[in-house]
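Peer 1: Build the 3D model from these lines:
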Amino acid sequence: MFTLQKTSSQTKARVGKLTTDHGDIETPIFMPVGTLGSVKAVNQDDLKEKIKAQIILGNTYHLYLRPGNDIIKAAGGLHQFIGWDKPILTDSGGYQIFSLSESRDLKEKGAIFKSHLDGSKHLFTPENVVETQRILGSDIMMILDECPPYPAEREYVENSMKLTHRWAKRGREHFLKTEAICGHEQMQFGIVQGGVHKDLRKISSQYMASLDFEGLAIGGLSVGEPTHLMYEITDFNTDHLPEKKPRYLMGVGTPANLLQNVAFGVDMFDCVMPTRNARNGMIFTRHGKVNIRNAKWKHHHQPFDSDFPSDLCQRYNMSYIHHLIKSNEILGIELTSKHNLTFYLWLMEEIRERIKNDTFSNWYQEMMKTVDQKI
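Peer 2: Model prediction:
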């Protein structure tokens, strides 16, 4: 159940609460990505206690291939398997199949694809991805969809959207006639497609809303289109989504992206960027982006921001972090990953407070410039 609590007076930004059997999720929220049941370089205790993650994301495609449905079913579901007692959202694998364009085949029945692990052939249908996500026991499951590339011909995008609609109807029907098997209730979110075509986005939004999903996602963005176009389509799309259901923008993005899309009325986000960029030495901060590999940090014998609540900022100097990352030490990856996730979750908490006290609109545009600058 989703409760809309307040909307900004000058933007479409909103705060709400999404209630699950594993706890409440305060929105807007960012979901750390744990594709294989693990947020890279971060353990579950730190995720909960230090980073304060309210929900994490897993991926049906990857977990289906390894360790496999049998293993997770025997464990009692993904929560039990990974030792995580807060909410989990699982993507259906549609985006991963999209990325395997050279080794997949889309049919009316579903998507035939070759495993990236061993080349074996598999079929995902709207029905069996529901069944797999019943086994995973995620609190929120996503429907199977096709994510068209950018750029793509309008005819392709429209046909792709219509296929996603037909799959969505089948997936919703299968969800409603099956039951949860892990001892807690599950929700199902639909995914709006339509590329960068506003008329298609409107049609897709209306169709997905008609299926009465518990929430709706904006899919098919952040796939190569210019940022300004992603913003334009998201802003348009939220105008055509139900007000009293959560809105999830998939695969986005930078801190500046989060700020702007919150202003457009988005409630939920996920992205691999904070942990992937951390492994490459990029640190996100309240003052801008830091490339810790740069030689300028070699002799910086102080923490970067000692007032910020992460181990990287409060305990270690930047010279040491520079040394760890340049030396490919695991501790360096752990510290930068934990820091970036802490920053993302701190940013979302700050956003929620700003919306509640109605100072968000005067703050977020300047904050967008600050967090996006290079230091």
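Peer 1: Ser8: what's it in contact with?
Peer 2: 14, 263, 355, 358, 360-361 (Cβ atoms under 8 Å, 6 or more residues apart in numbering). The C-beta positions use only the backbone N, C-alpha and C, and glycine is treated the same way.
Peer 1: in stretch 236-243, what counts as buried?
Peer 2: 237-238, 240-241 (16 or more other Cβ atoms under 10 Å).
Peer 1: Tell me which entries of the residues you listed lie within strands.
Peer 2: Per DSSP state E, strands hold no members of the buried residues of stretch 236-243.
Peer 1: of the residues you listed, closest to Leu229?
Peer 2: Nearest to Leu229 out of these is Asn237 (Cβ to Cβ; 12.1 Å).
Peer 1: For the closest one, give its distance to Gly220.
Peer 2: 10 Å (Cβ to Cβ, to the nearest Å).
Peer 1: Identify the contacts common to these two.
Peer 2: Val192.
Peer 1: quick one: which of the buried residues of stretch 236-243 is nearest Lys338?
Peer 2: Thr238 (31.6 Å).
Peer 1: Give me the three-state assignment for His122.
Peer 2: strand (DSSP: H, G, I helix; E, B strand; the rest coil).
Peer 1: Against Pro148, how distant is the closest residue in space to it that isn't next to it in sequence?
Peer 2: Nearest residue to His122, sequence neighbours excluded (Cβ to Cβ, 6 or more residues apart in numbering): Phe113, at 5.9 Å. Using Cβ to Cβ, Phe113 is found at 16 Å from Pro148.
Peer 1: What strand or helix carries the residue lying closest to Arg104 once chain neighbours are set aside?
Peer 2: Excluding its sequence neighbours, the residue lying closest to Arg104 (Cβ to Cβ, 6+ apart) is Phe113, at 3.9 Å. If you go by DSSP states H and E, Phe113 is part of strand 111-114.
Peer 1: Break down the stretch 251-375 of the chain into its strands, ranges please.
Peer 2: In the stretch 251-375 of the chain, the strands defined using DSSP state E, counting those that start in this stretch lie at 268-270, 282-285, 288-291.
Peer 1: Show me how far the first one is from its chain's centre.
Peer 2: This means strand 268-270. The gap between where strand 268-270 is centred and where its chain is centred comes out at 4 Å by Cα atoms, centre = their mean, to the nearest Å.
Peer 1: separation between Thr285 and Lys169?
Peer 2: Where Lys169 is concerned, Thr285 sits at a distance of 45 Å (Cβ to Cβ).
Peer 1: can you pull the contacts of the closest residue in space to Thr227 that isn't next to it in sequence?
Peer 2: Spatial nearest neighbour of Thr227, excluding adjacent residues (Cβ to Cβ, 6+ apart): Asn257 at 7.4 Å. The contact partners of Asn257, by Cβ under 8 Å, 6+ apart, come to 222, 227, 230.
Peer 1: Look up how far Asp45 lies from Asn257.
Peer 2: Relative to Asp45, and taking Cβ to Cβ, Asn257 is found at 29 Å.
Peer 1: now do Glu185
Peer 2: Distance from Glu185 to Asp45, by Cβ to Cβ: 26 Å.
Peer 1: and what of Phe360?
Peer 2: Phe360 is 32 Å from Asp45, by Cβ to Cβ.
Peer 1: repeat for Glu131
Peer 2: For Glu131, the distance to Asp45 - Cβ to Cβ - is 32 Å.
Peer 1: ok, the two, which is more surrounded?
Peer 2: When Glu131 and Asp45 are compared on other Cβ atoms under 10 Å, the one with more neighbours turns out to be Glu131, at 15 against 10.
Peer 1: Apart from its neighbours in sequence, what residue is nearest the more buried one?
Peer 2: Per Cβ to Cβ, 6+ apart, closest to Glu131 is Thr178, 7.2 Å.
Peer 1: With Phe124 instead?
Peer 2: Ala111 (4.8 Å).
Peer 1: tell me, which helix in the chain spans the most residues?
Peer 2: Looking across the chain with DSSP state H, the single longest helix is helix 330-356.
Peer 1: and that one, how far out from the chain's middle?
Peer 2: For helix 330-356, the distance to the chain centre is 14 Å (Cα atoms, centre = their mean).
Peer 1: Same question for stretch 234-244.
Peer 2: 18 Å.
Peer 1: Could you list the low-pLDDT ranges of this structure?
Peer 2: Filtered on pLDDT under 70, the chain yields the residue ranges 98, 100-103.
Peer 1: picking up where we left off before, the strand holding Phe113 - contacts with which helices or strands?
Peer 2: Under the contact definition 3 or more Cβ pairs under 8 Å, 6 or more residues apart in numbering; DSSP states H and E, strand 111-114 sits against helix 94-99, strand 104-106, strand 121-124.
Peer 1: Among these, which comes closest to Pro32?
Peer 2: Nearest of the helices and strands packed on strand 111-114 (Cβ to Cβ): helix 94-99, 16.9 Å.
Peer 1: Tell me which residues are up against that closest one.
Peer 2: With Cβ under 8 Å, 6+ apart as the criterion, helix 94-99 contacts 59, 61-62, 104, 111, 113, 124, 142-149, 191, 219, 250-251.
Peer 1: Out of those residues, which sit inside strands?
Peer 2: Using DSSP E, the contacts of helix 94-99 in strands are 59, 104, 111, 113, 124, 142, 191.
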